[in-house]
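A.B. asks: Using only what follows, build the 3D model:
(one chain, ligands or ions: 3)
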Amino acid sequence: MSISKSEFARRRKTLMAMMESDSIAILPSAKEKVRSRDTHYTFRQDNDFFYLTGFNEPDAVLVLVPGREHGEVVMFCRERDPEKEIWDGYRAGPEGACKEYGADDAFPIDDIDEILPGLIEGRERVYYAMGKDAGFDTHVMAWVNSIRAKVRSGATPPGEFLDLDHFLHDMRLYKSAAEIRLMASAAEISADAHVRAMQVCKAGKYEYELEAEIQYACALRGGRQPAYNSIVGGGKNACVLHYIENSEKLKSGDLVLIDAGCEYEYYASDITRTFPVSGKFSKEQKAIYNIVLAAQEAAIAEVRPGNHWNAPHDASVRVIVEGLVELGLLKGKVDKLIETEKYKAFYMHRIGHWLGMDVHDVGDYKVGGEWRVLEPGMVMTVEPGIYVAPDNKKVDARWRGIGVRIEDDVVITKDGCQVLTIGVPKTVAEIEKLMA
Ligand code: GLY
Ligand code: MN
Ligand code: MN
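C.D. replies: Ligands and ions are numbered 1, 2, ... in the order given. Below you'll find the model as predicted:
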């Protein structure tokens, strides 16, 4: 169950239909990255490149040439090499790029400097991700300059350079049925992993042990890489938004916040749950927790077509401010506290972000200066939180160091939304029951 060849082909066609006439698009693959000396990080293809090809090798370049007589989809990639393949694994080679990945024409990557200028020559516009990779910028200019060097023999270099991201990232924002199926799988695997972490959690374990449980549970089902570094913060560590040390012992009486999600078949999931280390919320923890939960529910209720991107955020702010006033953590009138952003001492981030192949996925949040209107097929996270800084002298000591975030992955449907991560308990009663 992954993206079909025809869907990859459809994406290329759609992109080419949006490109100006007389243009060419050039996209590089990701490169292998050294982790230390001669060991590498696990190779991960560039998302834009993968989105258009499904091709999972480094040292490749995709070229789209709308209207080209000998084929619009051209790939450059590593040649087959039996010797190297014994050591480092299978390569598709140019032949495989055509047969298995739908290229019309493919060449060895080592020949790109001879061949690509010929494809660019005569095209007025070049689309590529400008400024993303200085090395690639240099290559593009070198190819173009090699055409400029031949103007006196009649060569016509391109006159315009355009950012490819604009079209491509807009496409990636709207998920197809197949993409949503993969995202639902990623979400389900991660949700079950969070359940496991709740079940095995007990005082005396280290934060990294819960991280390991999550990673293990995800890897067993094909989610071998986390979509981002897992956050496992016990007690006041939950107040550090990007706490990834995960190195401390979990204490009875504390909460633990876990923000973790796997990547599955190139799609991310992103879940946060906060629960008591010993299985029972204290009075203060429960009070804060229930405000965050109510804020999340209010936000999710605003996730529907026609609402703008900021509606869920605004809803969460109101519920959080009302709750904090009720508990006495904020003092004053709700509207005034919202207007003056006094709540930011407790809720300093936004409601969420687009989710897709990237955890913080591509796609604009504003269009023409206005918040984007939500549409079916978009996927976002909804993740309000309250964090009472351990050194906040303005609040009673019993509240200090409590940090709670609840995060789910939500797809916008025709008439509302669907939460993809419902598999992990969320209410105080459900959590306490599971952990009992
Ligand atoms: N885990 C990153 C985020 O929630 O945005
Ligand atoms: Mn998260
Ligand atoms: Mn998130």
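A.B. asks: what's the helix or strand for the residue nearest in space to the middle of the chain?
C.D. replies: The geometric centre of the chain, computed from its C-alpha atoms, lies nearest to residue 359 (Cα atoms, centre = their mean), at 1.5 Å. Here residue 359 sits in a region with no helix or strand, counting by DSSP states H and E.
A.B. asks: nearest spatial neighbour of residue 284, skipping sequence neighbours?
C.D. replies: With Cβ to Cβ, 6 or more residues apart in numbering as the measure, residue 398 is the residue that lies nearest to residue 284, at 5.2 Å, once sequence neighbours are left out. Backbone N, C-alpha and C define where each C-beta goes, glycine included.
A.B. asks: so which strand or helix has the nearest residue to residue 151 once chain neighbours are set aside?
C.D. replies: Taking Cβ to Cβ, 6+ apart, and ignoring the residues beside it in sequence, residue 151 has residue 157 as its nearest neighbour in space, at 6.8 Å. Using DSSP H and E, residue 157 maps to neither a helix nor a strand.
A.B. asks: mind listing what residue 157 touches?
C.D. replies: 120, 121, 144, 147, 148, 151 (Cβ atoms under 8 Å, 6 or more residues apart in numbering).
A.B. asks: any residues touching the helix or strand that contains residue 324, and which ones?
C.D. replies: Per DSSP H and E, residue 324 falls inside helix 311-327. Residues from elsewhere that reach helix 311-327, judged by Cβ under 8 Å, 6+ apart: 287-288, 290-292, 294-296, 298-303, 330-332, 334, 337-338, 343, 346-347, 350-352, 374, 382, 384, 386, 399.
A.B. asks: Any of those residues buried? List them.
C.D. replies: Buried members of the contacts of helix 311-327, scored by 16 or more other Cβ atoms under 10 Å, are 287-288, 291-292, 294-296, 298-300, 302-303, 330, 334, 337-338, 343, 346-347, 350-352, 374, 382, 384, 386, 399.
A.B. asks: now, which of these lie within helices?
C.D. replies: Applying DSSP state H to the buried ones among the contacts of helix 311-327, the entries found in helices are 287-288, 291-292, 294-296, 298-300, 334, 337-338.
A.B. asks: can you tell me which two in those are farthest apart?
C.D. replies: Longest distance between any two of those is 22.9 Å, between 300 and 337; criterion Cβ to Cβ.
A.B. asks: quick revisit: the residue nearest to the centre of the chain touches residue 227, doesn't it?
C.D. replies: Yes - with contact defined as Cβ atoms under 8 Å, residue 359 and residue 227 form a contacting pair (4.6 Å).
A.B. asks: any shared contact partners between those two?
C.D. replies: With Cβ under 8 Å, 6+ apart, residue 359 and residue 227 have common neighbours 261, 268, 270.
A.B. asks: And the pLDDT for the nearest residue to residue 182 once chain neighbours are set aside?
C.D. replies: The shortest distance from residue 182 to any non-neighbouring residue, by Cβ to Cβ, 6+ apart, is to residue 267 (4.5 Å). According to the prediction, residue 267 has pLDDT 98.
A.B. asks: Identify the bridge partners of residue 267.
C.D. replies: According to DSSP bridges, the partner residues bridging residue 267 are residue 264.
A.B. asks: Tell me which residues touch it, please.
C.D. replies: With contacts taken as Cβ under 8 Å, 6+ apart, residue 267 has the following neighbours: 179, 182, 183, 185, 186, 356, 357.
A.B. asks: same check, this time on residue 415
C.D. replies: 304, 305.
A.B. asks: So residue 215 is in contact with residue 230, correct?
C.D. replies: Yes - with contacts counted by Cβ under 8 Å, residue 215 reaches residue 230, the gap being 7.1 Å.
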